[in-house]
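*Asks:* coords please:
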Amino acid sequence: MANVNVANQGTFATYGGANLNEIFYEPVFRSDDIMRNYRVIPNVKHKMNVYTSAALTKIVQPYAGCSADSDDTQFNIDNKTITAGRCRVALEQCTDEFFGTYIEEMYRSGADVMNVEGTQLSDAIVNRAVKGIAQDVVRLAWGGDVEGAVSGYTAFDGWMELMKAETVIEYAGTEAAPTAADAIGLIRNVYDQAPAALQQVAAGDKKMFVTPKIFNAYLANLEGTSADLAIVNQVDGMRRVMFRGVELVAMYEWDTILTDTNPDLFITAAAANVNNGVCYCAVENLIIGSDVTDPEGSFKVFYDDLEEKMFFRGYFKLGVQYLYSSLVQWGLLTA
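*Replies:* Okay, here's the model as predicted:
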């Protein structure tokens with residue numbers, strides 16, 4: 001890109017503070033896909049400790065008199081750290097590329113025709129960028145790998161990397177092309193063998209994140225049967241695919257991760273080349289942290305006369321963490 005004379009730049013939209021919250025934080029981090037499936041913590045600038053404590057059990061004992069000593073039960077408060085990595089968005093659009101299309105009607109007329117400041121076109125470009133960022137947040141939240149070799153994934157470690165040490169349930173089936181029986185068998189085994197703490201969480205507070213092939217194979221078994229109406233339920237006015245009251249979420253971002261990085265879906269020594277599986281988890285267990293509500297954060301959209309281009313620039317920090325091993329269960333479909 002040629003050198004840009006800053007004096008010729010017209011910055012027509014700088015989003016910060018309340019404006020940043022409206023144009024970026026709300027559409028991205030308060031979107032339906034994010035809020036229904038994950039817990040969002042704002043104002044994470046670098047690192048934040050999230051404190052955890054194991055459930056207290058058998059602490060109610062028979063009364064033994066006022067001189068009785070307390071038992072040895074401790075609160076056992078621990079913590080996990082969200083480490084936010086630096087992220088950027090750098091987009092540009094040559095403003096003459098829409099001539100000869102219906103979008104040309106959105107341009108000004110006269111000498112200022114190339115400047116799209118304040119037009120419907122500028123709003124459309126910003127909205128499209130925000131939607132792309134929202135998709136990338138989910139993709140990186142799962143697939144991030146600081147020590148990985150794939151460009152675009154190294155800002156921070158995602159849940160797949162952070163959960164490598166967790167127990168994985170393996171289910172033998174047709175891994176490359178799962179059948180309906182494979183999908184139901186895997187999902188049922190993961191559900192039944194999940195930790196007791198996860199089983200006790202209300203169904204509405206949990207999700208089963210699944211690869212698209214597992215999701216579609218599960219749907220294929222329901223189509224045209226009476227089970228269809230029982231399992232595809234209306235939740236908040238939208239149809240949701242359920243298993244025993246737990247919503248299944250098709251993770252198309254996982255397929256993107258696998259295409260880009262070519263790892264196993266969830267790396268284990270016993271299950272190599274595995275690309276289909278499920279992550280059964282409590283929603284509150286998956287945390288996304290970012291600094292986007294911080295006053296120092298900003299997104300800028302500006303037009304440069306010399307280049308006749310529109311630029312979108314944004315800088316923010318992003319990181320993820322999960323709290324409890326007892327509130328997550330992975331399952332893989334193996335050959």
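
*Asks:* ok, A84 touching K47?
*Replies:* Yes. With contact defined as C-beta atoms under 8 Å, A84 counts as touching K47 (7.1 Å). Every residue, glycine included, has its C-beta placed from N, CA and C.

*Asks:* ok, these two, which is more surrounded?
*Replies:* Each of A84 and K47 has its neighbours counted (other C-beta atoms under 10 Å); A84 has more, 21 against 11.

*Asks:* nearest residue to L186 other than its sequence neighbours?
*Replies:* Take L186 and drop its neighbours on the chain: the residue closest to it by C-beta to C-beta, 6 or more residues apart in numbering is Y171, 4.3 Å away.

*Asks:* quick one: the one you found is in a helix?
*Replies:* No. Applying DSSP: H, G, I helix; E, B strand; the rest coil, one finds Y171 to be strand, outside a helix.

*Asks:* for it, list each beta-bridge partner.
*Replies:* Applying DSSP bridges to Y171 gives these bridge partners: L333.

*Asks:* roughly how far does it sit from T334?
*Replies:* 7 Å (C-beta to C-beta, to the nearest Å).

*Asks:* kindly report the same for S122.
*Replies:* 50 Å.

*Asks:* and for V283?
*Replies:* Distance from V283 to T334, by C-beta to C-beta: 27 Å.

*Asks:* now swap in L248 and tell me
*Replies:* 20 Å.

*Asks:* quick one: which of the two has more around it?
*Replies:* For L248 and T334, the more surrounded residue by other C-beta under 10 Å is L248, and the numbers stand at 23 against 19.

*Asks:* who's in contact with the more buried one?
*Replies:* I187, K207, M208, V210, F215, Y218, R240, V241, M242 (C-beta atoms under 8 Å, 6 or more residues apart in numbering).

*Asks:* what's the pLDDT at it?
*Replies:* Confidence at L248, expressed as pLDDT, is 94.

*Asks:* helix or strand: which one has it?
*Replies:* strand 246-250 (DSSP states H and E).

*Asks:* tell me the strands beside that strand, with direction?
*Replies:* As assigned by DSSP bridges, strand 246-250 forms pairs with strand 206-210 (parallel), strand 238-243 (antiparallel).

*Asks:* show me the contact partners of the shortest one.
*Replies:* It stands for strand 206-210. Contacts for strand 206-210 (C-beta under 8 Å, 6+ apart): 36-37, 183, 187, 190-191, 198, 218, 243, 246-251, 254, 277-283.

*Asks:* would you tell me what the next helix or strand after that strand is?
*Replies:* helix 212-222.

*Asks:* tell me what that next one is packed against?
*Replies:* helix 180-193, helix 227-231, strand 238-243, strand 246-250, helix 252-261 (3 or more C-beta pairs under 8 Å, 6 or more residues apart in numbering; DSSP states H and E).
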